[in-house]
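S.K.: after the sequence you'll find the predicted model.
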Amino acid sequence: MGRQPRWRRVDFLPQVTYFKPAGVPLAHLKEVRLSIEEAEAIRLKDIEGLEQKDCAQKMSVSRPTFARILLSARQKMADALLNGKALRIEGGNYEMAVRRFRCGNGHEWEVPFEVMIKEPPELCPTCSTPDIMALWPCRLGWGMGGRGRRCRGR
Ligand SMILES: [Zn+2]
């Protein structure tokens, strides 16, 4: 308690978040949990092929921190694949690059990462109602826009 979480900036939320080895009964299945920022590290480095320093900058962390997140992500994925464990992607200390909010009166607005981690909105900037919620997903073009759901990754 009391320790400030250190937020990592994430541009992408994976659509499929649970992987299970074929033919293993659920009762015998062990699970590995990959955080959203670990998935993002893998995406930036291994899918986008960016340099570590660029990945670190994108996630708003130092290079050593990025290297640590990436290593942990790779170890977990290897553990799941080679030891036949299920892999669940969820949670972590991440915040979206841009988060979209909607108030109870239907106003929508966007809050960038830098603002989110300093002072997340408490009131609608248009009508000042405290009845606001983050939309999920946050402008990722999945055609799911408007489905309101809390999406802070903790
Ligand atoms: Zn409003």
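M.R.: Perfect, thanks for sending it.
S.K.: state the distance from the residue nearest to the spatial centre of the chain to residue 94.
M.R.: Nearest to the mean C-alpha position of the chain, by CA atoms, centre = their mean, lies residue 36 at 3.9 Å. To residue 94, residue 36 is 5 Å away according to CB to CB, to the nearest Å. C-beta: built from backbone N, CA, C; applies to glycine.
S.K.: check residue 108 too.
M.R.: With distances taken as CB to CB, residue 108 is found 22 Å from residue 94.
S.K.: now residue 17
M.R.: Taking CB to CB, one finds residue 17 at 13 Å from residue 94.
S.K.: do the same with residue 116
M.R.: 10 Å.
S.K.: which one of those two has more residues nearby?
M.R.: Counted by other CB atoms under 10 Å, residue 116 and residue 94 do not tie: residue 94 has more neighbours, with 23 against 20.
S.K.: bridged to the more buried one, which residues?
M.R.: residue 8, residue 153 (DSSP bridges).
S.K.: OK, contacts around it?
M.R.: 7-10, 35-37, 40, 153 (CB atoms under 8 Å, 6 or more residues apart in numbering).
S.K.: again with residue 33
M.R.: So residue 33 contacts 76, 87-91 (CB under 8 Å, 6+ apart).
S.K.: write the PyMOL selection for whichever of those are buried.
M.R.: To isolate the buried subset of these in PyMOL, counting by 16 or more other CB atoms under 10 Å, use the following:
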select buried, resi 76+87+88+89
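S.K.: for the longest helix belonging to the chain, buried residues please.
M.R.: Assignment by DSSP state H gives helix 63-82 as the longest helix of the chain. Buried residues in helix 63-82, defined by neighbour count with 16+ other CB under 10 Å: 65-67, 69-70, 73, 76-77, 80.
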